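>>> the sequence and its predicted three-dimensional model are supplied below.
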Amino acid sequence: MIVKIKKIKISKIIKLLNIKISLDKNFFIKNISNIDQAVNGDITLCTSSKYLEFLKKTKASACLIDKKFFKYVPKSCLPLITTNPQIDFIKISNLFYSEKTIDNISKYFFKKSELKKNFKNISFGENFICEKNVKIGKNVNIGHNVIIKENCIIKDNVNIGSNVILSNSIIHKNVNICDGCIIGKKGFGFKFFKGKLLRIPHIGKVIIKEGAEIGSNCNIDRGSISDTIVGKYTFLDNQIQIAHNVKIGDYCILASQVGISGSTIVGNFVTIGGQTGISGHLKIGNNVKIGGKSGVVKNIDDNKTVMGYPATDFRMFIKKNFAK
Amino acid sequence: MIVKIKKIKISKIIKLLNIKISLDKNFFIKNISNIDQAVNGDITLCTSSKYLEFLKKTKASACLIDKKFFKYVPKSCLPLITTNPQIDFIKISNLFYSEKTIDNISKYFFKKSELKKNFKNISFGENFICEKNVKIGKNVNIGHNVIIKENCIIKDNVNIGSNVILSNSIIHKNVNICDGCIIGKKGFGFKFFKGKLLRIPHIGKVIIKEGAEIGSNCNIDRGSISDTIVGKYTFLDNQIQIAHNVKIGDYCILASQVGISGSTIVGNFVTIGGQTGISGHLKIGNNVKIGGKSGVVKNIDDNKTVMGYPATDFRMFIKKNFAK
Amino acid sequence: MIVKIKKIKISKIIKLLNIKISLDKNFFIKNISNIDQAVNGDITLCTSSKYLEFLKKTKASACLIDKKFFKYVPKSCLPLITTNPQIDFIKISNLFYSEKTIDNISKYFFKKSELKKNFKNISFGENFICEKNVKIGKNVNIGHNVIIKENCIIKDNVNIGSNVILSNSIIHKNVNICDGCIIGKKGFGFKFFKGKLLRIPHIGKVIIKEGAEIGSNCNIDRGSISDTIVGKYTFLDNQIQIAHNVKIGDYCILASQVGISGSTIVGNFVTIGGQTGISGHLKIGNNVKIGGKSGVVKNIDDNKTVMGYPATDFRMFIKKNFAK
């Protein structure tokens, strides 16, 4: 169960990280956040010059940074200089959130006799395990052997197949999730630190928007700090892997066995051929078409059609491979 | 549950599609069918010049066509000219078959106490969910947490692993299905129409022939109108994806993580290396060998050995990549 | 259930294989084994000149060989010349081990009431099916719908997600296995013989060493004669396929959808990008980095960085694909 500490004194954080700084005033940190989403009371981090624009305007109350970014931190934000902002951020995450580096099941699920009473307008199969603090809308169909973990929200008219495991997810109306999907599991994130693999906490969610469809045996991991998102009326085929923090737009079509690595953003009306892989931290524009089995390693502009490994302009791919 | 309407007056269909035609005689349509399999009483469609030979000889009683194919329709068949034969065909499918665009579970399954009585010659594990109207032969072994949906037929000496979901399937004798397979689910088929994704109904089956083996966590989707077929003594490794309408011949070997797109036909004695992908609507000959991780985008003749992305003659692949 | 015959007279084996040889002395064979691991009392086989060094020093009491290897067999080992050592080895395996070519479930699992009594220091979810002869350490967490088959050994502080199927496995301490994994299933091994597919028995185990993590929906098949191994603190992402006899070293990172074919050996501190495939029987050195979606078809030396299909030196890959 996610247990969040309400607030932690900045002095306690500074002590934990062993940072040498003299505080004008002690204050409370209320949460951890991404640099582009941080609000007053948050602590965040900036590890790449890619995010300098966000740093300059951040509303965070404190920010872990490399020394070289010191001058970009706004006055409202306390700069905390460290040699390893990511490792220190993991440590702070573990202060706020407990037990979120391993996903265990909760003992607080409804007994069979309580299910019917608590979920009157839904239909569900045998061996349905539903943890407490789950909200399910009207006219929802749930298959056999389904596990829905705490804090999930499922809106009206959703269909969930059998053998599905849902956690940390918001499923909007008219979504169809096919058999065997595992959605909301922690992502594959860790850092080597002093010869140990340190797991990055995953406190984000998976959000599947209205009318989307997820094929059988798909994996969609929840975000580390931000959320993993599948857009409206986006359709995923079978055996697809969507990593943490990925954001897929509306009206996209992903054929089977596609894999998208962490933090990549895909636009609207994008079609992705089967077995295509997309590297992490990329930006794929709107109306992009990606041919089957492509390996995408660079950003793609709007309206482009690409194919190949590495993926290139589609006409180039044809010319290179089929020209006499 | 598949509910099929027995027959529908052609005048009703014409009215639904808003087609302007004067009928000499009203008559009944009894089913929908593919152009190459249609019999008297069926309605079919022809959308590509690839299928003209079938159109000329079709036994269907009516056929949805583009205007340009009008002259090829035999006298015994009523030509229905439409600007969008596929969308209109989906509409007719939905007239005949209900609820086959989303797979829900049925409430009509055997209670634990009924299972032993109804299936005397089989062995099954815990939490076996077997819907009504399922036929199971002798000496069948079924694992734990298996779901078998209505209308499945399982012949003698079949082994089914744990966590398997079977629907709309015919499993012939001596077949071995490993843990975690999802077989017979609806395929990934839809059309964009007026800004909405229209799901194509999937009324076909999955047929797995004698002695075949399906590895763990494989997905085999059922056909849309025709069936998806895995041939005799064909062996599939783990994590394989077989899309709707695919037909795989006898004595084939598919290594793990292979994906075959919709409607592709694979011959006999074909071996396919791991992670290979084959595009849709292709024809792969007999005795073909496809190297690992290939991307097949064209038909392959009998007895060829290919490899690469896109797949090409194996000697060419070697020459291109390993020649000094 | 694996039933092993204790010992078989060499005369009986010779008769079964129809080998013409006159015995000086009849003796017992106690087990089958790989050429590099055989001890006194074992029967083994040598089918490739790759293994001649092992043959020369083998401690096996008998060895199936091609005629051409006759002169390399040490005096302590009875050479059994045959035209088809592999097929004959399968026959002998089937003499010693029964029912290990198909994985069925056992009827000997603990009833719900017995579970709590037998496993006092572990926490487990609903519908936990645990066969007899399973050892589970302290502080182990097990999810819902988990199946653990006979002879598995699970050490302290292990986490097992929901819908996991474990068989023939040894899971060392602090391992984390995520939802939906199928570990220990028989591998994908068979030989064509007289027009039939003969399954190779799989009597090896899966060994997952201390601190390793296995992502969701992974498949790790058990070894045929030797074991399949995942090393210490090695992390696997989702949807990964590890074939029989593969040995992965310590501190490796495998991104999602990677597939490793049978008998390949991977060193320590190796990182493998998403969707990469590695052919069978290869040797990947220590500290190797393999880029995403690579297809590895050759051995890789220590400290190399490779990418591509076929995988090549990383700088070559960049030069070939991105140079102007």
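Sure thing, it's come through. Numbering: from 1, shown residues only, chains lettered A, B, ... in the order given.

>>> for chain A, what lies in contact range of chain B?
A:123, A:125-127, A:141, A:143-145, A:159, A:161-163, A:176, A:178-180, A:211, A:215-217, A:233, A:235, A:237-239, A:251, A:255-257, A:274-275, A:292-293, A:308-309, A:321-322 (Cβ under 8 Å from any Cβ of the partner chain). Using the backbone N, CA and C atoms, a C-beta is placed for each residue, glycine as well.

>>> which members of the residues you listed are positioned in helices?
A:321-322 (DSSP state H).

>>> drop anything exposed from the residues of chain A next to chain B.
Neighbour-count burial (16 or more other Cβ atoms under 10 Å in any protein chain shown) is assigned, among the residues of chain A next to chain B, to A:125-127, A:141, A:143-145, A:159, A:161-163, A:176, A:178-180, A:211, A:215-217, A:233, A:235, A:237-239, A:251, A:255-257, A:274-275, A:292-293, A:308-309.

>>> domain ranges for chain A?
A:3-98, A:112-322 (automatic domain parsing).

>>> and of these, who's closest to chain C?
The closest of the domains of chain A to chain C is domain A:112-322. By Cβ to the nearest Cβ, the value is 4.1 Å.

>>> quick one: that closest one near chain C?
Yes: counting by Cβ under 8 Å from any Cβ, chain C is contacted by domain A:112-322 at A:127, A:129, A:145, A:147, A:163, A:165, A:180, A:182, A:185, A:188, A:190, A:196-197, A:217, A:219, A:221, A:239, A:241, A:243, A:257, A:259, A:261, A:275, A:277, A:279, A:295, A:297, A:309-310.

>>> kindly check the end-to-end length of that domain for me.
61 Å (Cα to Cα, to the nearest Å).

>>> any idea how far it is from the chain center?
Relative to its parent chain, domain A:112-322 has a centroid offset of 9 Å by Cα atoms, centre = their mean, to the nearest Å.

>>> pLDDT weak spots in chain A?
Chain A contains residues with pLDDT under 70 at A:1-2, A:98-101, A:324.

>>> swap the cut-off to 80 and go again
A:1-3, A:98-102, A:192-197, A:323-324 (pLDDT under 80).

>>> so for it, the centremost residue is which one?
A:Gly223 (2.2 Å; Cα atoms, centre = their mean).

>>> give the contact list for that residue.
Contacts of A:Gly223 were listed using Cβ atoms under 8 Å, 6 or more residues apart in numbering or on different chains, and they are A:187, A:202-206, A:244-245.

>>> nearest spatial neighbour of it, chain-adjacent residues omitted?
Leaving aside its chain neighbours, A:Gly223 sits nearest to A:Gly204 (2.5 Å; criterion: Cβ to Cβ, 6 or more residues apart in numbering or on different chains).

>>> wait, doesn't the one you found sit right on A:His244?
Yes: taking Cβ atoms under 8 Å as the definition, A:Gly204 is a contact partner of A:His244 at 7.1 Å.

>>> so for those two, which residues contact both of them?
With Cβ under 8 Å, 6+ apart as the test, A:Gly204 and A:His244 both reach A:222-224, A:228.

>>> in these, find the pair that's most separated.
Farthest apart among the shared contacts of A:Gly204 and A:His244 by Cβ to Cβ are A:Ser224 and A:Thr228. That separation is 9.4 Å.

>>> common neighbours of those two, please.
A:187, A:204, A:244-245.

>>> now, those that are in strands?
With DSSP state E as the criterion, strands contain none of these.

>>> which of those sits closest to chain B?
A:Gly187 (20.3 Å).

>>> skipping adjacent residues, who's closest to that closest one in space?
Excluding its sequence neighbours, the residue lying closest to A:Gly187 (Cβ to Cβ, 6+ apart) is A:His244, at 2.7 Å.

>>> that neighbour touches A:Gly184, doesn't it?
No: using Cβ under 8 Å, A:His244 is not in contact with A:Gly184, being 10.5 Å away.

>>> between the two, what contacts are shared?
When Cβ under 8 Å, 6+ apart defines a contact, the residues bordering A:His244 and A:Gly184 alike are A:221-222.

>>> so what's A:Gly292 closest to, chain neighbours aside?
Closest to A:Gly292 by Cβ to Cβ, 6+ apart is A:Gly273, at 3.0 Å.

>>> now the one you found: how far from A:Ser263?
According to Cβ to Cβ, to the nearest Å, A:Gly273 stands 22 Å off from A:Ser263.

>>> between A:Gly204 and A:His244, point out the one with more neighbours.
A:His244 (26 against 22; other Cβ atoms under 10 Å in any protein chain shown).

>>> ok, that one - contacts?
Contacts of A:His244 (Cβ under 8 Å, 6+ apart): A:186-189, A:202, A:204, A:221-224, A:228, A:262-263.

>>> at 10 Å instead, please
Going by Cβ atoms under 10 Å, 6 or more residues apart in numbering or on different chains, A:His244 touches A:185-189, A:200, A:202, A:204, A:206, A:220-228, A:261-263, A:280.

>>> ok, now A:Asn159?
A:123, A:139-143, A:171, A:174-178, A:213, B:102-104.

>>> how close does it sit to A:Asp250?
19 Å.

>>> please apply the same query to A:Ser224.
23 Å.

>>> neighbour count for the two, which is higher?
A:Ser224 (25 against 18).

>>> ramachandran coordinates for that one?
Its backbone dihedrals place A:Ser224 at phi -80, psi -60, with angles given as degrees, to the nearest 10.

>>> residues in contact with it?
A:32, A:34, A:89-90, A:93, A:100, A:186-187, A:189, A:200-204, A:244-245, A:262-263.

>>> recalculate using a threshold of 7 Å.
Listed by Cβ atoms under 7 Å, 6 or more residues apart in numbering or on different chains, the contact set of A:Ser224 reads A:187, A:189, A:200, A:202, A:204, A:244-245.

>>> all helices of the stretch 51-200 of chain A, in order?
Listed in chain order, the helices found in the stretch 51-200 of chain A under DSSP state H, counting those that start in this stretch are A:52-57, A:85-96, A:112-118.

>>> give me the distance between the two termini of stretch A:54-63.
12 Å.

>>> same thing with stretch A:32-49?
Termini of stretch A:32-49 sit 20 Å apart (Cα to Cα).

>>> give the buried residues for it.
Here stretch A:32-49 shows A:32-35, A:38, A:41-46 as buried, counting by 16+ other Cβ under 10 Å.

>>> kindly report the same for stretch A:289-308.
Buried residues in stretch A:289-308, counted by 16+ other Cβ under 10 Å: A:289-297, A:300, A:304, A:306-308.

>>> in strands only, show me those residues.
Judged by DSSP E, these include A:289-290, A:295-296, A:306-308 as members of strands.

>>> need the residues you listed in a markdown table with distance to A:Leu80, can you?
Conversion of those to a markdown table gives the following (distance: Cβ to Cβ, whole Å):
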| residue | distance to A:Leu80 |
| --- | --- |
| A:Lys289 | 44 |
| A:Ile290 | 40 |
| A:Gly295 | 38 |
| A:Val296 | 36 |
| A:Val306 | 41 |
| A:Met307 | 45 |
| A:Gly308 | 44 |
